[in-house]
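Student: return atomic coordinates for the entry below.
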Amino acid sequence: MAREKSEEMEKLSSQICNQICAVFANPTNPHPPPLDILVTELAGVSRRSSCVFLHGVGREGLMLKAFAMRLFHLGLSTHLVSDMTTPPISPSDLLIASAGPGGFSTVDAICSVAKSSGARVLLLTAQPESGSCVKHATAVCYVPAQTMASDEAEEKGERRLLPMGSVYEGAMFVLFEMVVYKLGEVLGESPESVRSRHTNLE
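Tutor: Got it, this is the predicted structure:
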């Protein structure tokens with residue numbers, strides 16, 4: 001019984017990982033690869049000694065919070081838009097926001113404020129052509145993954161292994177881990193320097 005359960009978990013985990021990995025095999029033309037855009041923009045933040053702000057809603061927001069933690073560990077001045085201690089955004093800063101289905105009213109509003117303040121706005125989305133957030137973006141990271149807006153199986157009453165926006169959200173996590181790895185190389189951050197910035201208040 002234990003072996004059967006282990007085999008079932010291995011099969012399910014492989015299927016889930018394969019679905020997420022397949023996202024990165026999809027072309028993003030005419031948009032540059034999202035890994036390149038994120039590394040370039042964040043390296044620029046580091047060079048300018050500026051701040052990076054992150055904002056998203058729901059599970060997308062959770063992925064961005066995890067990313068924010070690692071960016072802080074890499075030595076960037078990192079802030080979540082919803083935090084009580086978040087400073088004002090300035091023209092030299094960068095806002096990274098996510099709107100997988102293309103737009104959310106709150107994300108639209110935050111991007112608009114950042115743009116009007118002169119900051120750069122990097123938008124992650126699966127709908128780069130039709131989304132309402134795109135008009136505020138100075139850079140677009142196209143992540144060609146299924147979101148709640150494109151979950152046709154749900155509309156037909158079918159049960160997907162990864163429902164609603166889970167493929168997009170999983171792809172965000174994997175993309176951010178790739179960014180952290182590549183950005184660490186660009187910034188010359190050692191494992192020791194990254195670990196030294198982890199909180200001791202746990």
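Student: where along the chain do the strands fall?
Tutor: 51-55, 77-80, 94-98, 120-125, 139-142 (DSSP state E).
Student: ok, which of those comes nearest Pro191?
Tutor: Closest to Pro191 of the strands of the chain, according to CB to CB: strand 77-80, at 18.9 Å. Yep, even glycine has a C-beta here, placed from its N, CA and C like the rest.
Student: packing partners for that closest one?
Tutor: If you count contacts as 3 or more CB pairs under 8 Å, 6 or more residues apart in numbering; DSSP states H and E, strand 77-80 packs onto strand 51-55, helix 58-73.
Student: so what angle separates the directions of the first one and strand 120-125?
Tutor: Relative orientation of strand 51-55 versus strand 120-125 (axes from the mean of the first three to the mean of the last three CA atoms, to 10 degrees): 30 degrees.
Student: give me every residue that touches Lys65.
Tutor: Neighbour list for Lys65: Leu54, Leu80 [criterion: CB atoms under 8 Å, 6 or more residues apart in numbering].
Student: the residue nearest the centre of the chain - nearest residue in space that isn't next to it in sequence?
Tutor: Geometric centre of the chain, nearest residue: Met172, 4.6 Å, by CA atoms, centre = their mean. Leaving aside its sequence neighbours, Met172 sits nearest to Met63 (CB to CB, 6 or more residues apart in numbering; 4.1 Å).
Student: I'd like to know how many residues surround that neighbour.
Tutor: If you count neighbours by other CB atoms under 10 Å, Met63 ends up with 23.
Student: which residues of the chain fall in helices?
Tutor: Using DSSP state H, the helices found in the chain span residues 2-23, 34-48, 58-73, 105-116, 152-155, 166-187, 191-196.
Student: want to try a markdown table for the helices and strands packed on strand 77-80, with distance to Ala43 and mean pLDDT as columns?
Tutor: Formatted as a markdown table, the helices and strands packed on strand 77-80 follow (distance: least, CB to CB, whole Å; pLDDT from 0 to 100):
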| stretch | distance to Ala43 | mean pLDDT |
| --- | --- | --- |
| strand 51-55 | 11 | 98 |
| helix 58-73 | 12 | 97 |
